[in-house]
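**Q** Provided below are the primary sequence and the corresponding predicted coordinates.
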Amino acid sequence: MKPMHFIAGLIILSGCSKTSSVPDPERNAATWWQPVAGVTFDWDLSNISSTDTFSTDVVDVDAFETSKATVDALHAKGRKVIAYVSVGTLENYRPDSALLPPSVIGKIYPEWPDERWLDIRKLDSMKPWLISRFTMIRQKGFDAIEPDNLDAYGNETGFDISITDTKAFCTYIITLAHSMGLGIGQKNVSELTGDFSSSFDWALTEDAFDQGWQDDMLPYIAKNKPVFVTEYTDKMTQTKFQSTVCPAAKTKKYSAVLKKRDLSKWSYFCQ
């Protein structure tokens, strides 16, 4: 999870916020999970089990560490379950690195030194790895995918990745997820919103209120798609979250949660 917002030309053209709901025929005909604005959200990347309980409609958990039995248990409790997975970096502790050729593995991500950037331009080389990950997610029964590290453009990756390359990559992973009956969301990178709020099924932000770009995700609300807002305790107190973020989130129909940066079990919600 990379709570960094890249202002300068990160991806595609930024879109204007809308204030009225616009029907989306493709969305209405979809076979994958289509959440609506206002559903509640929690995020826990610790090692959860089938005995864990959550009070929210939607839970976002680690795709690898979460078993099918746990996903089934969460479904039995009425939860929808999102799978966190990186699509733009290789984490050296994951078991599937052999599916990626060395030619697509780039520089270390300085903020997360156990991850290396991937050359998303080489889709043909990356497809076996992506398909394997999305297939695992489908087989475990997840409802949707949280694709991390969509922000290669604007980072020192070791590759000359362009806006066009990133757009093609996002189009591919959206198409792949939907073809498997899985929803998929936009993770941060608000510059994507103008081009992809019709294609992604929801949005997830980190530090948006703290950094001042929270309104960039309003096009999702205009399409009745959720915006899951996460702020962090290293930047914001519970008092500030409750007094500033919560009223604004309610007005915008965002679903907000305050978390610790390690995305452990602790959560604090609007009262």
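**A** Ah, there it is. Numbering: from 1, shown residues only.

**Q** can you pull the contacts of Val58?
**A** Residues in contact with Val58 (CB atoms under 8 Å, 6 or more residues apart in numbering) are 35, 39-42, 79-82, 226, 228, 255. C-beta: built from backbone N, CA, C; applies to glycine.

**Q** Name the SS class of Thr166, please.
**A** helix (DSSP: H, G, I helix; E, B strand; the rest coil).

**Q** Surely it touches Gly154?
**A** No. With contact defined as CB atoms under 8 Å, Thr166 and Gly154 do not form a contacting pair (9.3 Å).

**Q** neighbour count winner among those two?
**A** Between Thr166 and Gly154, counted using other CB atoms under 10 Å, the more crowded position is Thr166 (24 against 18).

**Q** any idea how far the more buried one lies from Val227?
**A** Taking CB to CB, to the nearest Å as the measure, Thr166 falls 21 Å from Val227.

**Q** mind checking the end-to-end distance for stretch 181-189?
**A** Stretch 181-189 stretches 24 Å from its first residue to its last (CA to CA, to the nearest Å).

**Q** Next, format the contacts of Val58 as JSON lines and append pLDDT.
**A** Output for the contacts of Val58, formatted as JSON lines (pLDDT from 0 to 100):
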{"residue": "Pro35", "pLDDT": "98"}
{"residue": "Val39", "pLDDT": "98"}
{"residue": "Thr40", "pLDDT": "98"}
{"residue": "Phe41", "pLDDT": "98"}
{"residue": "Asp42", "pLDDT": "99"}
{"residue": "Arg79", "pLDDT": "98"}
{"residue": "Lys80", "pLDDT": "99"}
{"residue": "Val81", "pLDDT": "99"}
{"residue": "Ile82", "pLDDT": "99"}
{"residue": "Pro226", "pLDDT": "99"}
{"residue": "Phe228", "pLDDT": "99"}
{"residue": "Ser255", "pLDDT": "99"}
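
**Q** And those, which of them are buried?
**A** 35, 40-42, 79-82, 226, 228, 255 (16 or more other CB atoms under 10 Å).

**Q** Determine which two of the residues you listed are furthest apart.
**A** Farthest pair in the buried ones among the contacts of Val58 (CB to CB) is Val81 and Ser255. Separation: 15.5 Å.

**Q** Using PDB, write down the CA coordinates of stretch 146-158.
**A** Provided in PDB are the C-alpha atoms of stretch 146-158 (Å, rounded to 0.1, in the frame of the first residue of the first chain):
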ATOM      1  CA  GLU A 146      -7.400  -4.100  -5.000                       C
ATOM      2  CA  PRO A 147      -4.500  -3.600  -7.500                       C
ATOM      3  CA  ASP A 148      -1.600  -1.900  -5.800                       C
ATOM      4  CA  ASN A 149       1.200   0.100  -7.400                       C
ATOM      5  CA  LEU A 150      -0.500   1.600 -10.400                       C
ATOM      6  CA  ASP A 151       1.800   4.500 -10.200                       C
ATOM      7  CA  ALA A 152       4.900   3.300 -12.000                       C
ATOM      8  CA  TYR A 153       4.700   6.400 -14.200                       C
ATOM      9  CA  GLY A 154       6.400   9.200 -12.200                       C
ATOM     10  CA  ASN A 155       8.700   6.800 -10.200                       C
ATOM     11  CA  GLU A 156      12.300   5.700 -10.700                       C
ATOM     12  CA  THR A 157      11.400   2.200 -12.000                       C
ATOM     13  CA  GLY A 158      14.400   1.600 -14.200                       C
END
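
**Q** what about the helices in the stretch 151-271 of the chain?
**A** 163-179, 193-196, 208-211, 218-222, 238-240, 246-252 (DSSP state H, counting those that start in this stretch).

**Q** can I get the ones you listed in TSV with mean pLDDT and distance to Pro128?
**A** Shown next, in TSV, are the helices of the stretch 151-271 of the chain (pLDDT from 0 to 100; distance: least, CB to CB, whole Å):
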stretch	mean pLDDT	distance to Pro128
helix 163-179	95	12
helix 193-196	96	24
helix 208-211	98	34
helix 218-222	99	31
helix 238-240	99	45
helix 246-252	99	40
